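1. Let me see the structure of the following:
(one chain, ligands or ions: 1)
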Amino acid sequence: MALFGFNRPEGLKHRRGSRQWRGVIHEYADRLDVSKNTPVVSLGEGGTPLIEAHRLSEMTGLRVFIKFEGMNPTGSFKDRGMTMAVSKAKEHGAKAVICASTGNTSASAAAYAAYGGMTAAVLVPDGKISMGKLSQAVIHNAHVLQVAGNFDDCLDIARDLAENYPVHLVNSVNNDRIEGQKTASFEVIDVLGRAPEYHFLPVGNAGNYTAYHRGYREEAKRGRTSVIPRMFGFQAAGSAPFITGERVKNPDTIATAIRIGNPASWDLALAAREDSNGYFGAIDDQGILAAHKLLAKEVGVFVEPSSAISVAGLMERAEAGVLEKGATAVLTVTGHGLKDPQWALKNADGSDAEPTKVPVDVAQIAEVLGLKAGA
Ligand code: AN7
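-> Below you'll find the predicted structure:
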């Protein structure tokens, strides 16, 4: 159950030439609040690809990299914070965890609770979470409760329950979550050798925005980067409290992951923006879906709509002419496209994208494809 024991195959040594990523707690134990008494509940999260996006670089005049967080075990960045939150909960003797969620947090909490031998209860807004995410919470055997309200209502209830009942809160109001998530900044610096000038990411509760900035600040203190990125966070236009300056009562967007009207990390995120000379912007649903398609078509990375807002934000700011040419920008894309594939099957005009139907006939298929024999 100790730090270097719980999920390492007993007695197995890594063979020469094969090095398996060990998850963010083992990889960054020196930079997290863990000890040899911490039972590490890990599914091998983190170590996600930082992909150079040549086409986006050409289009913007910057050097653009995509941090593909959909490559985490449950398909979103939430796993980084969840390994910390569930491990610390277990260290404190908790048997049950609870969270409110627009989908990804519940999927992650359910999976990590399963691995850690704990129970998970998840509160999700009625009808507003993608089927992929709901299916994850169900298959990992969480108590899934659909609340007749929105995410903000769910979080209020989860906080209340954790305060008054023996259940451990694993939403990002729990600092362990932010601590785990800051490891993504460490990885970016590990690859680039320094921090980028700009970092773009989606904003819902603003926990991740806060976490990346914290990670970069800590690395600067350790002398691993002299650059502190300007933090660019984007919200959906119908759910943009940082733009309106007040809680949004009825947030509305197709980007259900970030359909959040009252960000839990409001004050921390404002401080991070201030400290990094950062920026908050809003993108409408049409802009989000256009970026969703652009990223898939030009870079080969399939994300859920909420994640595409990083790309939309970069394009918008580049067009506004406020980004320095030749500078490096990292875009975090937070969740995998397979979480919510319905949006991929829509044409730009809203009609359904259908595969072309063909008979079992080589000549006819060649004709449909515009292929000419021998040419
Ligand atoms: C794909 O799962 O809040 O600004 O309950 O799933 O740190 O909240 C999800 C948030 C971005 C926003 N992208 O991150 C939840 C939840 C995706 C997300 C965010 C979420 P924060």
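
2. Name whatever forms a beta bridge with L331.
-> Residues in a beta bridge with L331, per DSSP bridges, are I66, F200.

3. Would you check how far apart it and the ligand are?
-> Between L331 and the ligand the distance is 12 Å, computed by CB to the nearest ligand atom, to the nearest Å. Every C-beta, even on glycine, is put in place using the N, C-alpha and C of the backbone.

4. same check, this time on N174
-> 12 Å.

5. Then V203?
-> 5 Å.

6. and what of T328?
-> Counting by CB to the nearest ligand atom, the gap from T328 to the ligand is 22 Å.

7. Please name the residues that touch that residue.
-> 62-65, 192, 196-198 (CB atoms under 8 Å, 6 or more residues apart in numbering).

8. what are the ranges of the strands in the stretch 201-350 of the chain?
-> 230-236, 279-283, 328-333 (DSSP state E, counting those that start in this stretch).

9. Can you lay out those strands as CSV showing mean pLDDT?
-> Shown next, in CSV, are the strands of the stretch 201-350 of the chain (pLDDT from 0 to 100):
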stretch, mean pLDDT
strand 230-236, 98
strand 279-283, 98
strand 328-333, 98
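
10. Format these as a markdown table; extra columns: distance to A110.
-> Formatted as a markdown table, these follow (distance: least, CB to CB, whole Å):
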| stretch | distance to A110 |
| --- | --- |
| strand 230-236 | 25 |
| strand 279-283 | 30 |
| strand 328-333 | 22 |
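
11. What parts of the stretch 201-350 of the chain come near the ligand?
-> 202-209, 257-258, 304, 306-307, 334-335 (CB under 6 Å from any ligand atom).

12. Next, the contact list for A236, please.
-> 251, 253-255, 258-259, 282-285, 288, 306, 309.

13. of the strands of the stretch 201-350 of the chain, which approaches E319 most closely?
-> strand 279-283 (11.8 Å; CB to CB).

14. ok, of the contacts of A236, which come out buried?
-> The neighbour count (16 or more other CB atoms under 10 Å) marks 251, 253-255, 258-259, 282-283, 285, 288, 306, 309 as buried among the contacts of A236.

15. And the helices in the chain, which stretches?
-> 24-27, 54-60, 78-91, 104-116, 131-139, 151-164, 175-181, 183-192, 207-221, 241-244, 266-276, 285-299, 305-319, 362-369 (DSSP state H).

16. Adding mean pLDDT, write the ones you listed out as TSV.
-> Formatted as TSV, the helices of the chain follow (pLDDT from 0 to 100):
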stretch	mean pLDDT
helix 24-27	98
helix 54-60	98
helix 78-91	98
helix 104-116	98
helix 131-139	97
helix 151-164	97
helix 175-181	98
helix 183-192	98
helix 207-221	98
helix 241-244	98
helix 266-276	98
helix 285-299	97
helix 305-319	98
helix 362-369	97
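
17. Farthest pair within the contacts of T328?
-> L62 and L192 (13.4 Å).

18. More neighbours: the two, which one.
-> Using other CB atoms under 10 Å, the more surrounded residue of L62 and L192 is L62, with 23 against 16.

19. Wait, the more buried one touches L331, no?
-> No - L62 is not in contact with L331 according to CB atoms under 8 Å; the separation is 10.3 Å.

20. so what sits against both of the two?
-> 56, 314.

21. neighbours around G93, how many?
-> Quick note: G93 (other CB under 10 Å) scores 8 neighbours.
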